[in-house]
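>>> Next comes the sequence, and after it the predicted model I'd like to discuss.
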Amino acid sequence: MPRTWWVSPAATTIKEIPAVSPRVPSVEAYEEAMVLSRVGDALGYRGGLWEYCTSGPQIHAELAELGGLEAITLEPPEWPVSDDTVLHLVTAEGLATGLEGEPLLQELACRYVAAMGDMEGRKPGPTSMLGTSQLQPGEPEGYCIPFNPTGTGCGAAMRSLAIGLRYPHAWELPMLLRVSIESGHMAHHHPTGYLGTLAVARFGGSGGGLAERWGAELLRVLPLAWDYVEGAGVTVGDNTAAWPFFRDTWHWYLESWGLLEGHGPPRVPSLLSPAEQDAAHLGWVLEGWPGCSGHDVTMVALEALLAASRCWEDLCTRAVLRGGDSDSTGTIAAGCWVLGAAGEGLASVPPGLHCCLEHRGQLCDAAHRLHALAWGRC
């Protein structure tokens with residue numbers, strides 16, 4: 001059956017979806033979101049030492065030996081960025097071309113394939129490597145790969161903040177849905193994987209809105225996402241069977257926090273010890289690795305944003321300096337921190353964490369171009 005570019009009529013009538021704030025974010029906010037996202041990555045990764053550590057107490061002990069956050073300078077070779085940054089950067093640069101529709105998807109697929117040449121020492125996930133190896137950019141529908149029953153990982157979510165920065169307006173929701181789902185498909189063709197992409201893109205597109213509303217807005221968008229997947233007509237049976245897990249887990253998560261209706265205050269627990277935090281996250285993750293899947297990477301990140309408020313150190317403790325896939329949860333939480341009207345941007349972050357960051361110049365350039373495309377006419 002030929003693939004169709006179809007968007008549900010419901011996706012063009014978004015009265016039920018709360019509109020994003022009319023406030024125009026500054027170009028500096030875009031720049032800080034891109035840079036801080038990479039700070040969360042490089043810090044949580046630590047050359048692979050902390051990303052693959054399951055013990056929050058061990059990470060905090062090693063941080064203390066280093067002299068704390070103030071004493072760290074994030075620069076290679078000890079503090080390179082991981083695959084998270086490389087893939088997010090090429091996503092941002094692909095979006096910044098201004099292409100739309102199928103040409104944009106072909107462009108993203110081409111950039112993902114090329115990015116695999118810059119993975120030495122960055123430890124890309126096996127699902128990302130497999131999915132990217134199946135892409136055939138330039139060929140008809142060469143950005144499509146088969147359904148993957150195990151493609152639940154976070155590798156698509158951690159590179160999707162830029163999608164929300166590119167499409168922040170309520171009237172752009174159909175484009176945000178299409179690009180996030182299709183780009184997620186390019187390596188993680190499973191709802192738990194590619195809906196994580198949608199979640200982060202939606203969070204990023206809600207700049208200026210309170211983070212307490214983000215989860216409820218995500219649940220309201222999911223039926224439109226399903227309309228798109230069903231209308232596209234690709235492996236509908238497999239997607240139908242796998243779809244409920246992400247939706248139901250997010251519903252449970254928001255209900256437990258008192259945020260199912262999208263307003264607070266959330267039932268935020270006090271700052272747990274590193275060991276207690278590790279234990280708490282193990283209660284609702286896949287494969288015993290908090291943050292490794294498309295649903296829990298976004299949950300850990302949102303939890304950190306809600307609980308840390310304006311404190312950068314608390315955000316790091318909750319999202320970055322923790323057992324599990326710490327670079328991916330750090331990437332999402334730190335990038336969204338300034339967008340959720342919670343953080344204070346780079347001014348409250350120790351300079352050593354961002355001044356020498358790998359790819360910093362490219363990140364800032366992509367941020368400027370995304371801002372111009374998104375807000376140039378406002």
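Looks like it came in fine.

>>> now do the same end-to-end measure for stretch 154-164.
One end of stretch 154-164 sits 17 Å from the other (CA to CA, to the nearest Å).

>>> Give the rounded mean pLDDT of that stretch.
Stretch 154-164 shows a mean pLDDT of 96.

>>> for stretch 262-275, same thing?
80.

>>> Also stretch 172-183?
Throughout stretch 172-183, pLDDT has a mean value of 97.

>>> Run the chain-centre distance for that stretch.
From the chain centre to the centre of stretch 172-183 is a distance of 14 Å (CA atoms, centre = their mean, to the nearest Å).

>>> ditto for stretch 244-260
On the basis of CA atoms, centre = their mean, stretch 244-260 sits 18 Å off its chain's mean C-alpha point.

>>> How about stretch 26-44?
12 Å.

>>> can you check stretch 117-133 too?
17 Å.

>>> and the end-to-end length of that stretch?
The stretch stretch 117-133 measures 12 Å between its terminal residues, going by CA to CA.

>>> Please apply the same query to stretch 147-159.
So stretch 147-159: terminal residues 20 Å apart, CA to CA.

>>> Flag every buried residue along that stretch.
Phe147, Asn148, Gly151, Thr152, Gly153, Cys154, Gly155, Ala156, Ala157, Met158, Arg159 (16 or more other CB atoms under 10 Å). All C-beta spots, glycine's among them, are computed from the backbone N, C-alpha and C.

>>> Could you identify the most distant pair in the residues you listed?
Phe147 and Met158 (20.9 Å; CB to CB).

>>> low-confidence ranges in the chain?
1-22, 207-209, 287, 340-344, 377-378 (pLDDT under 70).

>>> one more time with 50, if that's ok
For the chain, the stretches flagged by pLDDT under 50 are 1-22.

>>> All the strands of it, residue numbers only.
Using DSSP state E, the chain contains no strands.

>>> what's the burial count for the residue lying closest to Ser183 once chain neighbours are set aside?
Closest residue in space to Ser183, ignoring its immediate chain neighbours: Leu108 at 5.4 Å, by CB to CB, 6 or more residues apart in numbering. Look at Leu108: counted by other CB atoms under 10 Å, it has 26 neighbours.

>>> Also Arg318?
24.

>>> and Leu373, how many neighbours does it have?
Leu373 has 16 nearby residues by other CB under 10 Å.

>>> I figured it hits Thr97, correct?
No: using CB atoms under 8 Å, Leu373 makes no contact with Thr97, being 9.2 Å away.
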